[in-house]
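*Asks:* Just a sequence and a predicted model for now, questions to come.
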Amino acid sequence: MTAHALLSASGSKRWLSCTPSAKLEATLPEQKRGSGAFDFSQEGTTAHSLAEAKLRHHFGQIGTEEYENEVSAVKETPYYNDDFEAHVDSYVLYVRSQIGEGDTPLFEQRVDFSDWVPDGFGTADVVILSKHAIRVIDLKFGKGIPVHAQDNPQLRLYALGAYSKFKEEYPEIKEVSYTIHQPRLDSISTDGTTIAKLIDWANYFVKPKAKKAWSGAGEFLPGEWCGFCRAKAQCRARSDYNTELAKQEFKTPALLSEEEVSEVLVKAQNLKTWVNDVEEFALTRAVTENIVPPGYKLGTTKTHRKISDTALAATVLVEKGLASEIIWEPPKLKSLASLEKINKQVSAWLGELVQRPDGEPKLVKVKENAKEDFA
């Protein structure tokens, strides 16, 4: 089982901004995914595994047999396809291009920054050591949210941990740089600083924040860092913040200044995101734990009947006497509803070829005036 730090590098943007959030998250279980829901986290882990195998093999750190076993294991997962491998290859080729003669490349390198963050550790995807510099490269396989390297605390902490680990072996290191590669967004961003400035950042900004976060002290502060917080749908501070946004939005638009309109548009996105988070949390819990919010019931979305095999259906209908030219809207067969307007017997003729897909689960508000029927 992979160990996870309370104050992780990957969650650092969150606990550095909202110091009590780490302790709060630790009290909450991970929300269960609905049946059949795509596991984006595992997809990312699989991409990292493939990238690591390719890089280690290229640089002679693993043999061909081990490499082939790793690749075979990835190909057996539901995440692998040609596009998946192409995106991983894009990242791998980039990393290879950044490693010069005399550099020492390290892959999936555990780093420790506990001199500044209690029990602080993490795993950097790539650390490149050279005489005067450290380079950290991080793969982000998601395609939904762009992530940039500029002032990125996760990569800064990785660089800090790498420097702490290798400073005696490489005493002339003066600079660090860090890169985020998002191949599915065709995005590469890089930032850097001097070791002196990195240490100052760690001593005067990170260390006091980490001390508060470790003890759960400080004030809850909602912001864009809430997106991956385990408490995002239940956090009262976030609820209060977004309630205030809602009050502002309900002002008559004609009475708002141009500056206020602009402010509402910006803040409204936070409100929409919060509402979506609450809806997703409530629906997932209703499906996986049968906990349904008062005033709601669990239902399913409405679906439409579909023809499972249109080629076979066309053959059946022609055999029943329907002309080919009236059942087709090239290049596809007409919809079932359109075919039934031609002849009401169509559904009966097609039999099991007519299917109604299962609907998706949804929360449905119970009508307030609904009353039980009494005999």
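*Replies:* Structure received.
*Asks:* got the contact list for L363?
*Replies:* 279, 282-283, 286, 292-293, 296-299 (C-beta atoms under 8 Å, 6 or more residues apart in numbering). The way it works is simple: take the backbone N, C-alpha and C, and place the C-beta from them, glycine included.
*Asks:* name the element it belongs to?
*Replies:* Taking DSSP states H and E as the definition, L363 sits inside strand 361-365.
*Asks:* and for stretch 320-337, what are the contacting residues?
*Replies:* Under C-beta under 8 Å, 6+ apart, the answer for stretch 320-337 is 305-307, 310, 313-314, 317-318, 338-339, 342-343, 345-347, 349, 354.
*Asks:* On the pLDDT front, check the closest residue to E340 other than its chain neighbours for me.
*Replies:* Of all residues not flanking E340 in the chain, V346 sits nearest, at 5.1 Å (C-beta to C-beta, 6 or more residues apart in numbering). In this model, V346 is scored at 90, pLDDT.
*Asks:* Distance of V346 relative to H304?
*Replies:* 15 Å (C-beta to C-beta, to the nearest Å).
*Asks:* List the residues that contact I195.
*Replies:* 163, 173-176.
*Asks:* no no, T310
*Replies:* So T310 contacts 332-333 (C-beta under 8 Å, 6+ apart).
*Asks:* Ranking helices and strands of the protein by mean pLDDT, which lands last?
*Replies:* helix 236-249 (a mean of 73; mean pLDDT, DSSP states H and E).
*Asks:* show me where this structure has strands.
*Replies:* For the chain, the strands defined by DSSP state E occupy 104-112, 121-129, 133-139, 175-182, 187-194, 296-300, 306-307, 328-329, 332-333, 354-355, 361-365.
*Asks:* Going by contacts, tell me the helices and strands next to the first one.
*Replies:* Judged by 3 or more C-beta pairs under 8 Å, 6 or more residues apart in numbering; DSSP states H and E, the packing partners of strand 104-112 are helix 40-58, strand 121-129, helix 153-166.
*Asks:* cool, the fourth one as well?
*Replies:* The contact analysis (3+ C-beta pairs under 8 Å, 6+ apart) places strand 175-182 against helix 82-97, strand 133-139, helix 153-166, strand 187-194, helix 195-201.
*Asks:* do that again at 6 Å, thanks
*Replies:* Packed against strand 175-182, as judged by 3 or more C-beta pairs under 6 Å, 6 or more residues apart in numbering; DSSP states H and E, are the following elements: strand 133-139, helix 153-166, strand 187-194.
*Asks:* chain center to the longest helix anywhere in the chain: distance?
*Replies:* Using DSSP state H to define each element, the chain has its longest helix at helix 258-289. Chain-centre distance of helix 258-289: 16 Å, with C-alpha atoms, centre = their mean, to the nearest Å.
*Asks:* Just want the angle from it to strand 296-300.
*Replies:* Interaxial angle of helix 258-289 relative to strand 296-300 (axes from the mean of the first three to the mean of the last three C-alpha atoms, to 10 degrees): 80 degrees.
*Asks:* buried sites along helix 258-289?
*Replies:* By 16 or more other C-beta atoms under 10 Å, the buried positions in helix 258-289 come out as 264, 267, 270-271, 273-274, 277-278, 282-287.
*Asks:* For those, could you give me JSON lines that also reports distance to P153?
*Replies:* Formatted as JSON lines, the buried residues of helix 258-289 follow (distance: C-beta to C-beta, whole Å):
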{"residue": "V264", "distance to P153": "30"}
{"residue": "K267", "distance to P153": "24"}
{"residue": "N270", "distance to P153": "21"}
{"residue": "L271", "distance to P153": "26"}
{"residue": "T273", "distance to P153": "21"}
{"residue": "W274", "distance to P153": "23"}
{"residue": "D277", "distance to P153": "22"}
{"residue": "V278", "distance to P153": "27"}
{"residue": "A282", "distance to P153": "31"}
{"residue": "L283", "distance to P153": "32"}
{"residue": "T284", "distance to P153": "29"}
{"residue": "R285", "distance to P153": "31"}
{"residue": "A286", "distance to P153": "35"}
{"residue": "V287", "distance to P153": "35"}
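*Asks:* which phi and psi does the closest residue to V278 other than its chain neighbours have?
*Replies:* Leaving out its chain neighbours, the residue that sits closest to V278 by C-beta to C-beta, 6+ apart is A233, at 4.8 Å. The phi and psi values for A233, taken as degrees, to the nearest 10, are phi -90, psi -20.
*Asks:* Now do the contacts for A233.
*Replies:* By C-beta atoms under 6 Å, 6 or more residues apart in numbering, the residues touching A233 are 277-278, 281.
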